[in-house]
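# Provided below for reference: sequence and predicted model.
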Amino acid sequence: MWFVAFVASWLLSVAIGRMMAEDPHEQDDGGFLSNTRSTSSIVPLIYGRCRVGINIVYMASGGDDNDYLHIVGVLGEGPIHGIAREDGSTFTSVATQFPADNPPLLYLDGELWTSKWGTSFVYAEFFSGTPSQAVCTTLNAAMPEWTDTLRHTAGVYVRLKYDQDKFLTTPKITVTVDGLQLYNPTADATAYSDNFALMTYDLLTRPSTRGGLGLDAWHGPVPASPRVSVASIEAARAYCAAKGWTGGFVLADDVAFAEHLQTVLNCFRGEAIYSESQIKIKFRDTNHETPVLDITEADIVEDNGRTTLKIRPSADLFDLPNAVEATFFNADKKYVEDTYQKTDADALAIDGDLRKLTKHLPGLNTLEKLVPMANYYLERGRYGHIIEAGLADKYFALEASDLVTLTHSMPGWVDRLARVVSVGVGPGNVITVELLEENETLYDDAYNPSQISWFSTTLPDPSAPVPGVINASIAEDLFSTRLRSYTRLVVEFDPPAAYPWWAGAQVWVRIGTGAWVYMTVSRDGYLLEPVEEGQIYSIKLVSTNIWGAAETFDNALTLQCMVLGEDAFPSDISGMTAVANGDSVSIYATPLLDDNIEGYEVRFGSAWNGALFMSFNKAPSLRLNGVRPGMHTFWMAARNNAGNYSSAPVSATCRVFIPAGLTSAHSWSWDFTTGTFENTEHATYNSADVLKTLHVAASQGAAQFDDAIGGYDSAEGVFDGDTQQATVVSGRWTSPTYDMSALKVVRIWGDFLTILLAGSATWSGIFPNETETWEQANVQGKTWAQIFASSVAAQLQASLLYSENGTDWNRADRFEILCAEVYARYLAVEITITDPTTDTYLYLQELNMSAYTGPT
């Protein structure tokens, strides 16, 4: 019984080891839900409630039968509040087993841990990441090597019990977390919060070694001379609470601190400014702000009798967005990254093309919060003017983001709201300001843009159709670098005649039926390199003018080219050598110096077209050990990256002798009239017995012949259910068992003689469409032999099956060319034939087997 127990334990070890291996699916899931195994990963900052993956810092198997997998996963910086539960509450108990009732939201491969596994297979504990955090005693008891307390680091300990019906690989672990505890400087208290203003304060004050800027004391108390304005933080906190600007997200990217800070500020229209030796946090919302100053016409200075007031649109006419696309982590979809798009249909109809504004708002994790902010950014992008002016020195007190009013007769404005963008000092101590026009309707959470007035002019009409380019052409060009040729497309064109306002042509590229992709603006031509052979490339040239207008996209000139690329055949190999040394054969030839040589294919047989595929190597050399005795002919041809072979494959023949001291012990034949047939059958060719594949139609969804055989109705000659056009060109045959009457050491080989009947290189194969031309068939410059030769080899794979007792079988592969030396009594062979095309058959002639014995 100890042997059975050992085998069971060993099998569990193998299964656990397979679970511990890197899981390919982890590479497919990007963002914060992925699992990593890295000692250098950035420890994320988790704010508010969101779902995150783990960084696995410890993984080991244990248990009496080695059937437990222990995992320690880091969630982020600590201390965090806890794990969200099914009813929306928070599980805050550290170092405590997760309960099955109202469970904490821990997911295995996207499924709640209680839905499929439960406490019988999953055990988990939560660690908040406090400065005094103790080691996980549960893990330490099971695996004494684990002694790390992971202080200041929040994480989970998960123990999985192996069950082959539950786990095939390590599941991806994700957790819905209530994130960092935040300090409120006004209340002088630290607690969990999803308020964006308090998140901003945390970023500004947490140490730089832990993702912050390191201003003031982290988690208080507020110093006597704070570098962060507490009053501005409190005003922003109250505003976020009133508007509902709350949520959660993860900061884990390796970017500058300013980018992380801006990510938070974007979620409540916030702005950080430096004023009076402090960082102040401001927000934009006219419903919660009061103008700090009124600017009148008398306050604006003049220069040489002319006003310094300048007004221009906040965006170029042709840059006005008519759609906004916002990305966020959608709580209603388990916090996966989601996209919301809002399009102004009326503006799109007027503009004539889609102009999309993209915003990343990860913290606004419900549509209820996201949509009002997206409406604001789209309205803000389409509305307003930039105002520049020189002011009296009293306006030096203005700060960025301040709200002011402007009254001036030139634009006819009275108490027009505007926001300070920048303040500076110009010549003569004149205060220069830049303002952005504001409007209360921008902050009503709805999308209702103001009307835009349009004016006509007697100058050249910028909105008039832009003429297209002329004399355009596209051509394919081959160039070579380091024995590899590449293909590029050369596009040439001339500007439209008699149109001096032409600015250039936008170059757009489409591959196949894909989407158009903008590349650049050019005035004389374009080079696209490298391009993929066999693909159809479309180049669209959209004329533009100096006013930013563009030719209608659908009317613009389109050039198209199907890339042929390198279609030449490799040079012929000058010669080939095959030398036998005992039962080893060395095959080699002189390498070619052609471009694009992918490698050298070696086949085995009397002729190249009917020979069996042996190997494909980068170098023209191959060594085979244990080759069966007999006269053998090997073939070699170079193949380039276009799939073309050398026109004249070379061959070499050598004889492998029966090793000295061996005597014949057994010889027998299999004529394929019996045995186990899987998509194969016995047939005759020239009155001789042969084995061939069936080439039956594959059933819908059957990817391999193993699956297809079960659905094949031999009486009707079709598969059950719908059939596809594809066919199964691979089949397997297993011989009856041959009994040598006693256990013995024997060297065994078979003759494996084959015949190839090829039918794909026919007129119908070269011209499947009766209207196709020679040029479309791409056969220019090829010989008849090159056009109609069957270049792809059939494959025959043989394995020797041998057993001492007729029950427990072992196998030796590559038996079609190699011999095998085994200790056995019972013998059989398994043969797999793979034909290269549906109308090509590889026949295996009657198989003659030999078994020799000799001194041991």
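Sure thing, it's come through. Residues are numbered from 1 along each chain as shown.
# can you map out the helices along the chain?
2-20, 113-116, 137-142, 196-205, 230-243, 257-266, 345-351, 367-382, 705-709, 763-766, 774-777, 784-788 (DSSP state H).
# quick check: angle from the fifth one to helix 257-266?
This points to helix 230-243. Orientation check (axes from the mean of the first three to the mean of the last three C-alpha atoms, to 10 degrees): helix 230-243 against helix 257-266 gives 40 degrees.
# Let the chain start at 42 from now.
Shifting the count to begin at 42 puts that one at helix 271-284.
# could I have helix 271-284 exported to PDB, CA atoms only?
Output of helix 271-284 as PDB, limited to C-alpha atoms (Å, rounded to 0.1, in the frame of the first residue of the first chain):
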ATOM      1  CA  VAL A 271      -6.300  72.700   4.700                       C
ATOM      2  CA  ALA A 272      -9.100  75.200   3.900                       C
ATOM      3  CA  SER A 273      -8.900  74.400   0.200                       C
ATOM      4  CA  ILE A 274      -9.000  70.700   1.000                       C
ATOM      5  CA  GLU A 275     -12.000  71.100   3.200                       C
ATOM      6  CA  ALA A 276     -13.800  73.200   0.500                       C
ATOM      7  CA  ALA A 277     -13.100  70.600  -2.100                       C
ATOM      8  CA  ARG A 278     -14.100  67.800   0.200                       C
ATOM      9  CA  ALA A 279     -17.500  69.400   0.900                       C
ATOM     10  CA  TYR A 280     -18.000  70.100  -2.800                       C
ATOM     11  CA  CYS A 281     -17.300  66.400  -3.700                       C
ATOM     12  CA  ALA A 282     -19.600  65.200  -1.000                       C
ATOM     13  CA  ALA A 283     -22.400  67.600  -2.200                       C
ATOM     14  CA  LYS A 284     -22.000  66.600  -5.900                       C
END
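# What mean pLDDT does it get?
Per-residue pLDDT values across helix 271-284 average out to 95.
# Residues contacting it, please?
With C-beta atoms under 8 Å, 6 or more residues apart in numbering as the test, helix 271-284 has contacts from 225-227, 236-239, 241-242, 263, 286-287, 309, 311, 321-324, 326, 329. Using the backbone N, CA and C atoms, a C-beta is placed for each residue, glycine as well.
# Filter those residues down to just the buried residues.
Burial by neighbour count, 16 or more other C-beta atoms under 10 Å: within those this picks out 225-226, 236-239, 241-242, 263, 286-287, 309, 311, 321-324, 326.
# In this protein, where is pLDDT below threshold?
For the chain, the stretches with pLDDT under 70 are 42-72, 346, 491-501, 738-769, 799-833, 897.
# 50 instead?
42-71, 493-499, 740-767, 803-804, 825-831 (pLDDT under 50).
# Please export the C-alpha coordinates of the longest strand along it as CSV.
For the chain, the strand reaching the highest residue count under DSSP state E is reported as strand 861-875. Extracted C-alpha coordinates of strand 861-875, given in CSV (Å, rounded to 0.1, in the frame of the first residue of the first chain):
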residue,chain,number,x,y,z
ALA,A,861,14.5,0.8,-31.3
GLU,A,862,16.2,-1.5,-28.8
VAL,A,863,13.7,-2.7,-26.2
TYR,A,864,13.2,-5.3,-23.5
ALA,A,865,9.8,-6.7,-24.2
ARG,A,866,7.6,-9.7,-25.3
TYR,A,867,4.7,-7.9,-27.0
LEU,A,868,5.1,-5.5,-29.9
ALA,A,869,2.8,-3.3,-32.0
VAL,A,870,3.1,-0.2,-34.1
GLU,A,871,1.0,3.0,-34.2
ILE,A,872,1.1,4.8,-37.6
THR,A,873,-0.3,8.3,-38.3
ILE,A,874,-0.5,9.5,-41.9
THR,A,875,-1.0,13.2,-42.6
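# any idea how far the spatially closest residue to T137 that is not a sequence neighbour lies from D128?
With C-beta to C-beta, 6 or more residues apart in numbering as the criterion, T137 has its nearest non-adjacent residue at 6.2 Å, and that residue is E166. Distance of E166 to D128, computed by C-beta to C-beta, to the nearest Å: 20 Å.
# if you count what's nearby, which of the two comes out ahead?
A direct count of neighbours by other C-beta atoms under 10 Å for E166 and D128 places E166 higher, at 20 against 7.
# Surely the more buried one is in contact with C177?
Yes - counting by C-beta atoms under 8 Å, C177 is a contact partner of E166 at 6.3 Å.
# what do these two both touch?
Listed as contacting both E166 and C177 by C-beta under 8 Å, 6+ apart are 136, 198.
# Neighbours of Y843, how many?
Other residues near Y843 come to 22 when the count uses other C-beta under 10 Å.
# Contacts only, for it.
Under the criterion of C-beta under 8 Å, 6+ apart, the neighbours of Y843 are 850-853, 861, 863, 865, 867-869.
# and which of these is nearest L302?
Distances from L302 to the contacts of Y843, taken as C-beta to C-beta, are shortest for R852 (63.2 Å).
# Quick check: chain neighbours aside, which residue is closest to the closest one?
Leaving aside its chain neighbours, R852 sits nearest to S840 (4.7 Å; criterion: C-beta to C-beta, 6+ apart).
# do L239 as well
Here the nearest residue to L239 in space, its sequence neighbours aside, is L223; by C-beta to C-beta, 6+ apart that works out to 4.3 Å.
# Now do that neighbour: how many residues are near it, please.
L223 has 24 neighbours, counted by other C-beta under 10 Å.
# The one 10 residues further on too?
For Y233, the number of neighbouring residues by other C-beta under 10 Å comes to 19.
# which residues does it bridge with?
Q222 (DSSP bridges).
# I'd assumed V218 was in contact with it.
No - the pair Y233 / V218 is not scored as a contact, 10.5 Å apart, by C-beta under 8 Å.
# where do the contact lists of the two overlap?
Shared contacts of Y233 and V218 (C-beta under 8 Å, 6+ apart): 121, 123.
# all strands of the stretch 42-191 of the chain, in order?
With strands called from DSSP state E, counting those that start in this stretch, the stretch 42-191 of the chain shows them at 86-88, 90-94, 96-103, 109-118, 121-125, 131-132, 147-149, 152-153, 163-168.
# Identify the residues contacting the third one?
So the one you mean is strand 96-103. 54, 57-58, 61, 76-80, 82, 84, 108-115, 180, 183-184, 186-187, 189, 191, 196, 211.
# What's the ChimeraX line that selects buried ones from those?
Restricted to buried positions by 16+ other C-beta under 10 Å, the ChimeraX selection for those reads:
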select :57,61,76,78,84,108,109,110,111,112,113,114,115,180,184,187,191,196,211
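# Can you spell out the domain ranges of this protein, please?
As given by the TED database, the domain ranges for the chain are 75-222, 226-324, 334-484, 511-604, 617-696, 704-736+767-806+826-894.
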